[in-house]
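Asks: I need the structure of the sequence given here:
(4 chains)
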Protein chains: 4
Amino acid sequence: MIKVTVWNEFEHEKTDENAKAVYPDGIHSYIAGFLKSDDITVRTATLDMPEHGLTDEVLADTDVLIWWGHMAHEKVSDEVVSKVYECVLKGMGLIVLHSGHHSKPFKKLMGTTCNLSWRDGDRERIWCCNPAHPIAQGVPLQFELPQEEMYGEFFDIPKPDDIIYLGWFRGGEVFRSGCTFTRGYGKIFYFQPGHETHPTYHNENVQRIIKNAVNWAKPGYKLDKLDCPHAKIPLETNI
Amino acid sequence: MIKVTVWNEFEHEKTDENAKAVYPDGIHSYIAGFLKSDDITVRTATLDMPEHGLTDEVLADTDVLIWWGHMAHEKVSDEVVSKVYECVLKGMGLIVLHSGHHSKPFKKLMGTTCNLSWRDGDRERIWCCNPAHPIAQGVPLQFELPQEEMYGEFFDIPKPDDIIYLGWFRGGEVFRSGCTFTRGYGKIFYFQPGHETHPTYHNENVQRIIKNAVNWAKPGYKLDKLDCPHAKIPLETNI
Amino acid sequence: MIKVTVWNEFEHEKTDENAKAVYPDGIHSYIAGFLKSDDITVRTATLDMPEHGLTDEVLADTDVLIWWGHMAHEKVSDEVVSKVYECVLKGMGLIVLHSGHHSKPFKKLMGTTCNLSWRDGDRERIWCCNPAHPIAQGVPLQFELPQEEMYGEFFDIPKPDDIIYLGWFRGGEVFRSGCTFTRGYGKIFYFQPGHETHPTYHNENVQRIIKNAVNWAKPGYKLDKLDCPHAKIPLETNI
Amino acid sequence: MIKVTVWNEFEHEKTDENAKAVYPDGIHSYIAGFLKSDDITVRTATLDMPEHGLTDEVLADTDVLIWWGHMAHEKVSDEVVSKVYECVLKGMGLIVLHSGHHSKPFKKLMGTTCNLSWRDGDRERIWCCNPAHPIAQGVPLQFELPQEEMYGEFFDIPKPDDIIYLGWFRGGEVFRSGCTFTRGYGKIFYFQPGHETHPTYHNENVQRIIKNAVNWAKPGYKLDKLDCPHAKIPLETNI
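Replies: A predicted model of the protein is given here:
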């Protein structure tokens, strides 16, 4: 059983009619809805909850954290960001969606600006360039998202461990749309589609990719603490 | 001084009027023309020369080999392929252009089919996703090729060391258009643009990329022979 | 249920008393023995069987192929090698053990010589440098092999997708001892320990690593054929 | 002409007799001494200078920054760290030496703890596992450092772009001792040897590696500013 926490700032869906229409209960609820299964238990957490819903207890009980944020990145407290950061380094999986590229935890884990070029109102095709990867299983080699926000290169991220998806945009741009990273004991997947006013998370291929990513990112082992051990005694005795 | 050999099968330009119009003296001559400089000496070699122009003497005197082939891949002798392969492993740089993805030396060095999806008659935009790489210096972050053959994913290559360019095609596809690999002591750059009937190599950005690649791929050190040494004596004596 | 075929040239264990003492029924039988479980079915195949035991039927019924070879690499028929190669590109997992670094299938998939420095009769420590990787789960961060053949750098392989284990040798050398690669749809794991006269495969950590690798390398999807599709019709209609 | 700034906290060499004996004018002065050449101009900067010697003017005039720190990591002001971080993302090269693995700029750029296992008083062998890399040119495939501090795996860094050197320690450990990273437009090289009480920087191979790294890390292009551009107008007009 994989324990997933879906975190969402939950701002657009309260104030923007277009977002509300697509995700009336918030993006987090929608994602939780399609993830719930015999293998996955899901809780949700939002910005306006105490400690943004990411208390020590919740984090300790989370195998994979999914993150959606956009307009309220700066409202996320540095203390919570530090805790999320440490949990990832100790083994918690992290799936960062769409505008989460500029979230504090993702930028802290990447070590770069995570800047990109952007323009709303485009059509995207998602192409797989790594069909052997577990995240790509059961998904067609290409599929279309009729409405999506364009995110284009240059995407200022460190070299990903694996690039699984490339995005093609009708307006002329390309993007490394699905990328994996390892930080400490934690696995990270960034996935570009998912603007709040478009029904991207209704798409069955997108859902399958996120489910696959949850399975891929679940920790094999979680560290108790992060330390820098003094190896006082050499392993070899006749040094 | 970098010594470059430009190899071309030189078949299309003899028989296809469109290719002849763009490259009347052959693609190899055209590439040699823009490469020649104070820092680079260039010779050319073609399929119909003895040993395809790639004698032991020529190969030993080559720092970087550029390869263009398409319709005559199978006419290249396995003996020459083996020599090219060994020269790369010993340190010779290799730049493989366009349809050279299916050339014998490239497939032998990659260990995969190097298959891809293709369709002639499209428009391409080249996007840089690795602006710090030496091959990208002095080239805009994106530029257009009004006429190019579409090569699309899935491109069956091993994971590149670096992906420098992504190609966007008007017809809806994307491609890892500029990729580097290391094999043994040799550096390899694959660059997708360059169909024989389009004036791609007339483009100043394409020329700059190929020049940069020549500088990047030149050997730091060349091995005399490929061997698997028996280390009879341990370095540490009190083993 | 994962279907594993363990291939072994099965030569040393017939003629070398030391090898016979450690693996009386052959390395293949020993590996098959510890792999068999509720999740894994195992068959074995050896050089002296018709088609080396790797008929079309066997290969089609294999999810993960394990390969041990050394003195008889050249006796493996090129036809069988080609079939193994194609099966990997189509999705079959491949685990190459120890002296299999010089086997025909591995060299063909790597595109390099796979040369290394070697010396028998040393002590090795295996260190994990990638504890988040599925292959490393449940294995200590370091363990000792009291007797092992030294394989040392420079190991002439393409850059691995992941380096999971580094080997330390008492005699003064280091080695990238556990490495993964992707070729086409197939996942490959190379693992250095396993000389025929040492009880390396009796070691519980080695067994766990190989079991983990079987689970990691099992195909997500198998291709029917390897092709280079002509995409006659653009996806976008108003091209 | 490459402009290098060598930064050193310059603490041990003032108070520790052993460090003073090896580097009487500080590690920075010693490194500056062997770097100065027809191609490289060098300045030095230390913790006790105003703004730690890393003013806007100095940073703007620096192609490659070399960093040595250990006991005073926490005394480095966050403002200077932010400036160094931004300069790297804009293209400045960064070479981080030895205990600089725990420096603020390196950790910020890596996004991980950069923890490792350590023990002073050992003997190290440096092995090259990437002989084609520019940083390895002119350096033997292995060399010995009779006295060095052991740094051992697991080294908590993101997957390096390239691993060039592996360290073997007499006491039984291994380490990824020479690694490269790209962050934004900046190239980073981490090199493990260089404890303050050992004459590591007197070693001609270590000097050659650092010189090579300066040449490799020099910026091809420097950004004016870090931004996330709104691409208002699609490149393709008939979107």
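
Asks: didn't residue A:217 look like it was pressed against residue A:93?
Replies: Yes - under the contact definition of CB atoms under 8 Å, residue A:217 touches residue A:93, with a separation of 2.8 Å. The way it works is simple: take the backbone N, C-alpha and C, and place the C-beta from them, glycine included.

Asks: Now the common contact residues for these two.
Replies: Common contacts of residue A:217 and residue A:93, defined by CB atoms under 8 Å, 6 or more residues apart in numbering or on different chains, comprise A:64, A:186, A:187, A:188, A:189.

Asks: With pLDDT added, can I get these in JSON lines?
Replies: Compiled in JSON lines, the shared contacts of residue A:217 and residue A:93 are given as follows (pLDDT from 0 to 100):
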{"residue": "A:64", "pLDDT": "98"}
{"residue": "A:186", "pLDDT": "98"}
{"residue": "A:187", "pLDDT": "98"}
{"residue": "A:188", "pLDDT": "98"}
{"residue": "A:189", "pLDDT": "98"}
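
Asks: what helices or strands is the host helix or strand of residue A:28 leaning on?
Replies: Secondary structure from DSSP states H and E places residue A:28 in helix A:27-35. For helix A:27-35, the elements it packs on are strand A:2-8, strand A:40-46, strand A:64-68, helix A:204-217, judged by 3 or more CB pairs under 8 Å, 6 or more residues apart in numbering or on different chains; DSSP states H and E.

Asks: Quick check: closest non-adjacent residue to residue A:185.
Replies: Excluding its sequence neighbours, the residue lying closest to residue A:185 (CB to CB, 6 or more residues apart in numbering or on different chains) is residue A:91, at 3.9 Å.

Asks: how close does that neighbour get to residue B:4?
Replies: Computed with CB to CB, to the nearest Å, the distance linking residue A:91 and residue B:4 is 50 Å.

Asks: Tell me, please, where in chain A the pLDDT is lower than the cut-off.
Replies: A:238-239 (pLDDT under 70).

Asks: how about the residues of it that lie near chain B?
Replies: Residues of chain A lying close to chain B (CB under 8 Å from any CB of the partner chain) are A:125, A:127-129, A:131, A:141-142, A:152-155, A:159, A:162-163, A:166-169, A:172-174, A:176, A:238.

Asks: Tell me which residue is most central in chain A.
Replies: For chain A, the residue whose C-alpha lies nearest the mean C-alpha position (CA atoms, centre = their mean) is residue A:96; its distance is 1.6 Å.

Asks: What helix or strand is it located in?
Replies: With DSSP H and E as the criterion, residue A:96 is inside strand A:93-97.

Asks: which other helices and strands contact the helix or strand that that strand is followed by?
Replies: Where DSSP H and E defines the elements, the next helix or strand beyond strand A:93-97 is helix A:104-110. For helix A:104-110, the elements it packs on are helix A:78-90, strand A:93-97, strand A:174-183, strand A:186-191, judged by 3+ CB pairs under 8 Å, 6+ apart.

Asks: interface residues of chain A facing chain C?
Replies: On the criterion CB under 8 Å from any CB, chain C has as its neighbours in chain A the residues A:91, A:125, A:130-134, A:136-138, A:142, A:161-162, A:170, A:182, A:184-187, A:219-221, A:235-236.

Asks: which among these end up buried?
Replies: The neighbour-count test (16 or more other CB atoms under 10 Å in any protein chain shown) applied to the residues of chain A next to chain C identifies A:91, A:125, A:130-134, A:136-137, A:142, A:161-162, A:170, A:182, A:184-187, A:219-220, A:235-236 as buried.

Asks: quick one: which of the residues you listed sit in strands?
Replies: Applying DSSP state E to these, the entries found in strands are A:125, A:142, A:162, A:182, A:186, A:187.

Asks: could I get the residues you listed as CSV with distance to residue D:30?
Replies: As requested, those are exported to CSV (distance: CB to CB, whole Å):
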residue, distance to residue D:30
A:125, 56
A:142, 57
A:162, 42
A:182, 36
A:186, 39
A:187, 42
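
Asks: Can I get the residues you listed in JSON lines including distance to chain D?
Replies: As requested, those are exported to JSON lines (distance: CB to the nearest CB, whole Å):
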{"residue": "A:125", "distance to chain D": "14"}
{"residue": "A:142", "distance to chain D": "19"}
{"residue": "A:162", "distance to chain D": "10"}
{"residue": "A:182", "distance to chain D": "6"}
{"residue": "A:186", "distance to chain D": "10"}
{"residue": "A:187", "distance to chain D": "12"}
